[in-house]
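Chemist: Based on what follows, work out the 3D shape:
(chains A and B)
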Amino acid sequence: MTTDELLDQQKPQRFPLGLDWWAVLAALALAVVVKLGFIHKVPW
Amino acid sequence: MAEGTLALPRVEAARPVNRFVRLIPGVLLLAAIGYLGKFIEQSISRYAKTNNLHIPNIEYVLWAILIGLVVSNTIGIPEVFRPGVATYEFWLKAGIVLLGSRFLLGDVLKLGGLSLTLVVLELAVAFSLMTLLGRWFKLKPKLTSLLAVGSAVCGVSAIIATKGAIDADDEDSSYAIAAILAIGAISLFTFPLIGHWLHLSDRAFGLWAGLAVDNTAEATAAGALYSDAASKIAVLAKTTRNAMIGFVVLGYALYWASRGQAQNVTNKAAFLWQKFPKFVLGFLLISVLATAVVFNKEQLGSLANLSRWAFLLTFAGVGLRTNIRELKAQGLRPFAVGAIGEGAIALVTLGIVAIAAAAFHL
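Modeler: Next up, the predicted model:
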């Protein structure tokens, strides 16, 4: 194993999912919260 | 050197909690600017009402973008806010997924089918025009490819995806991104003015903005500046355009690989899936749930409002990330090619939308 490869292994890990999936998960989590009635009405 | 004796400096991975904490100042800045825009709109409207004045309503979208522009081009964005400000794209995508609650699946299929047909026409026009213009202005071929993808599909994300696939250099990519961002900012302000001048219906304008404005954030903002209904359609049309990104990038990757100037794509299906914008699936899923009456009327209203709040943060981010000095520093030629090409694309797509609007009573 080269030094570069070893250094690469020690790089901080990125989030395992991409931005798109995080956005989908966050939106679905909000939809579940609204569906279960934890948020009754979101004002605008 | 033996592996056992190699002493390497340890690079500490930032803990997820620390990464999350670093986002908070910037997210608060996005929320503050977005809310200030909403507050200004409401205050002016209330003042006009109580004093019987006829002041043209300037939407919170425009206020949020303008305040963001002023902040980023005067005092700049301090380092502490930058990670959080960069989350504007996350809010945009979460907002689009939640917007799925405002579409019944039938509407998505009907309008999405129409959008898809128009997107295919738009892609053909955009690629031909940008390739011709790139040749006339003697731009580097890969820079022309990046500009063509940026103007045809979805702005910055498409350029970044294509950059890796065709082994374009950093300089070409930053030129293309700067040109597309500058043109996106101009389109954002000019499209609604032209739409009102031509008395376009909400649906026709939404389709036009979704087809011709680069970058999803700018297309959403242009639609929202026109009307709430136009914003919905603009997002749907733009999302359809975004869904084409994989095919377009694959096409360019194969073209440059055939010329020996990019790596060959071995697994095309995996390549397409990797480039596919996954938030489109979330949008469709929420639309399916709304169609299946999983949510009652009040819950649908709440989801739509959550989507609006997410977009509010996005619009503040659009203003904050636009740095006029940086855009100017990138030079005039790529901008000129982009501007002429985009102007022509806007005109042609306007014609296509006008025909579709007459044919389908939009």
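
Chemist: I'd guessed B:Glu89 sits against A:Asp20; true?
Modeler: No: contact criterion C-beta atoms under 8 Å: B:Glu89 and A:Asp20 do not qualify, at 9.5 Å. C-beta here means a position set from N, CA and C on the backbone, and glycine is covered the same way.

Chemist: Okay, helices next: where are they in chain A?
Modeler: A:3-9, A:19-35 (DSSP state H).

Chemist: quick one: stretch B:290-306 to chain centroid distance?
Modeler: 25 Å (C-alpha atoms, centre = their mean, to the nearest Å).

Chemist: What residues sit buried inside that stretch?
Modeler: For stretch B:290-306, a neighbour-count test (16 or more other C-beta atoms under 10 Å in any protein chain shown) marks B:Ala290, B:Thr291, B:Phe295, B:Gln299, B:Leu300, B:Gly301, B:Ser302, B:Leu303, B:Ala304, B:Asn305, B:Leu306 as buried.

Chemist: Surely B:Leu29 touches B:Val85?
Modeler: Yes: between B:Leu29 and B:Val85 a contact is recorded at 6.3 Å, counting by C-beta under 8 Å.

Chemist: what do the two both touch?
Modeler: Counting by C-beta atoms under 8 Å, 6 or more residues apart in numbering or on different chains, the common neighbours of B:Leu29 and B:Val85 are B:Ile77, B:Leu320.

Chemist: can you tell me which residues contact the residue nearest in space to the middle of chain B?
Modeler: Nearest residue to the geometric centre of chain B (C-alpha atoms, centre = their mean): B:Thr216, 1.6 Å. Residues counted as contacts of B:Thr216 (C-beta under 8 Å, 6+ apart) are B:Leu92, B:Ile96, B:Cys154, B:Gly155, B:Ser157, B:Val235, B:Lys238, B:Thr239, B:Asn242.

Chemist: For it, give me the pLDDT.
Modeler: Here, the pLDDT recorded for B:Thr216 equals 86.

Chemist: so how far is chain A from it?
Modeler: Computed with C-beta to the nearest C-beta, to the nearest Å, the distance linking B:Thr216 and chain A is 12 Å.

Chemist: Would you mind giving the secondary structure of B:Pro277?
Modeler: At B:Pro277 the chain is in coil, as set by DSSP: H, G, I helix; E, B strand; the rest coil.

Chemist: hmm, I was thinking of B:Gly260
Modeler: coil.

Chemist: and it, how many neighbours?
Modeler: 7 (other C-beta atoms under 10 Å in any protein chain shown).

Chemist: which residues sit in contact with it?
Modeler: B:Gly260 neighbours (C-beta under 8 Å, 6+ apart): none.

Chemist: Give me the phi and psi angles of it.
Modeler: phi 70, psi 20 (degrees, to the nearest 10).

Chemist: before we move on, what about B:Met244?
Modeler: The phi/psi pair for B:Met244 (degrees, to the nearest 10) is phi -80, psi -10.

Chemist: Now for it, how many residues are close by?
Modeler: Neighbour tally, B:Met244, other C-beta under 10 Å: 21.

Chemist: is it true that it touches B:Val119?
Modeler: Yes: using C-beta under 8 Å, B:Met244 makes contact with B:Val119 at a distance of 6.2 Å.

Chemist: from the middle of its chain, how far away would stretch B:287-298 be?
Modeler: The answer for stretch B:287-298 is 27 Å, by C-alpha atoms, centre = their mean.

Chemist: count of neighbours near B:Tyr252?
Modeler: 23.

Chemist: which residues touch it?
Modeler: Per C-beta under 8 Å, 6+ apart, neighbours of B:Tyr252: B:Ser145, B:Val149, B:Thr162, B:Ala165, B:Ile166.

Chemist: go again using 10 Å as the cut-off
Modeler: Neighbouring residues of B:Tyr252 by C-beta atoms under 10 Å, 6 or more residues apart in numbering or on different chains: B:127, B:142, B:145-146, B:148-149, B:158, B:161-162, B:165-166, B:168, B:262.

Chemist: How about B:His199?
Modeler: B:His199 touches B:Phe205, counting by C-beta under 10 Å, 6+ apart.

Chemist: Let's verify it: helix, strand, or coil?
Modeler: coil.

Chemist: gap between it and B:Phe205?
Modeler: Using C-beta to C-beta, to the nearest Å, one gets 10 Å for the distance from B:His199 to B:Phe205.

Chemist: Just give me the neighbour total for B:Pro141.
Modeler: 17.

Chemist: what sits against it?
Modeler: B:Thr131, B:Gly134, B:Arg135, B:Ile166, B:Ala168, B:Asp172, B:Tyr255, B:Trp256, B:Arg259, B:Gln261 are the contacts of B:Pro141 under C-beta under 10 Å, 6+ apart.

Chemist: where's the first one relative to B:Ser145, distance?
Modeler: The gap separating B:Thr131 from B:Ser145 is 8 Å, by C-beta to C-beta.

Chemist: Also the third one?
Modeler: Separation of B:Arg135 from B:Ser145 (C-beta to C-beta) stands at 12 Å.

Chemist: Comparing these two, which shows the higher neighbour count?
Modeler: Neighbour count, other C-beta under 10 Å: between B:Arg135 and B:Ser145, B:Ser145 has more, with 27 against 12.

Chemist: Can you tell me the element the closest residue to that one other than its chain neighbours falls in?
Modeler: Of all residues not flanking B:Ser145 in the chain, B:Tyr252 sits nearest, at 5.5 Å (C-beta to C-beta, 6 or more residues apart in numbering or on different chains). Using DSSP states H and E, B:Tyr252 maps to helix B:245-258.

Chemist: Likewise for B:Ser151?
Modeler: Using DSSP H and E, B:Ser151 maps to helix B:141-152.

Chemist: if we can go back for a sec, turn the buried residues of stretch B:290-306 into TSV, including pLDDT and secondary structure.
Modeler: As requested, the buried residues of stretch B:290-306 are exported to TSV (pLDDT from 0 to 100; DSSP: H, G, I helix; E, B strand; the rest coil):
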residue	pLDDT	secondary structure
B:Ala290	91	helix
B:Thr291	91	helix
B:Phe295	92	coil
B:Gln299	93	helix
B:Leu300	93	helix
B:Gly301	92	helix
B:Ser302	94	helix
B:Leu303	94	helix
B:Ala304	91	helix
B:Asn305	92	helix
B:Leu306	94	helix
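
Chemist: No further queries at this time; thank you.
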